[in-house]
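Engineer: Output the structure for:
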Amino acid sequence: MKTKIHITKKLEKLIKNLISEEKIAEDGILGKWNATVFYVDRKKCWLITNGLTKYNVILTDIKASELSNIERIFKDALFGQLIYDGIILDFEVLDSIIGGLDFLPTDNDRSTTGFQNHNLKSLEWWKYEFGSLENMPIKDLTNRLNTTPIHIGNERKMSDYTNSIKEIKNILTE
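Structural biologist: Below is the predicted model:
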């Protein structure tokens, strides 16, 4: 099984050789992800957001030389963030759920892109609060993003409001 990660045009320019042609394949239980790039102290960081649950993972200081290991970096960061957020899971189980990574061109998912842009504004605020990347508690900041109330559903009922941690936990513990 492969996990699809659709990347923004901005990130596409940085990782051209990793982009594969879109194959018609079934999504895994977590569905597709979207990734964008942002900078802290001129260091490239990635914000990767799950399309179904709006769960965020941040990869920090990604260098071109590390792109060959990006699959391992993503899985380690996701596993660490899940543990930090209180979702206990064996790494082997997560590894089998994620499988390999397929980096695909943008899918123009306006909902997820808008959600990511909102989160990037929060991260901008925190950059000024903490100063340098070394001083930023990335797992804590990502936890703050993941505990922000989100709306999932078609109606405007209070029961449709949740947070990303609850949503991904529901999927992973089914």
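
Engineer: those helices in the chain, which residues are they?
Structural biologist: Counting by DSSP state H, the chain has helices at residues 9-12, 70-84, 91-98, 110-130, 138-146, 164-172.

Engineer: Paired strands for the helix or strand bottoming out on mean pLDDT in the chain, with orientation please.
Structural biologist: The weakest-scoring helix or strand in the chain, judged by mean pLDDT, DSSP states H and E, is strand 150-151 (a mean of 81). Paired neighbours of strand 150-151 in the sheet (DSSP bridges): strand 161-162 (antiparallel).

Engineer: what residues does the partner strand touch?
Structural biologist: 149-152 (CB atoms under 8 Å, 6 or more residues apart in numbering). Backbone N, C-alpha and C define where each C-beta goes, glycine included.

Engineer: ok so, going back, got the helices of the chain as a markdown table, with mean neighbour count, distance to residue 41 and mean pLDDT columns?
Structural biologist: Output for the helices of the chain, formatted as a markdown table (neighbours: other CB atoms under 10 Å; distance: least, CB to CB, whole Å; pLDDT from 0 to 100):
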| stretch | mean neighbour count | distance to residue 41 | mean pLDDT |
| --- | --- | --- | --- |
| helix 9-12 | 16 | 18 | 91 |
| helix 70-84 | 18 | 19 | 95 |
| helix 91-98 | 14 | 29 | 92 |
| helix 110-130 | 14 | 8 | 88 |
| helix 138-146 | 19 | 13 | 93 |
| helix 164-172 | 18 | 26 | 91 |
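
Engineer: Which one, of these, ends up nearest to residue 56?
Structural biologist: Smallest distance to residue 56 across those (CB to CB): 4.7 Å, for helix 138-146.
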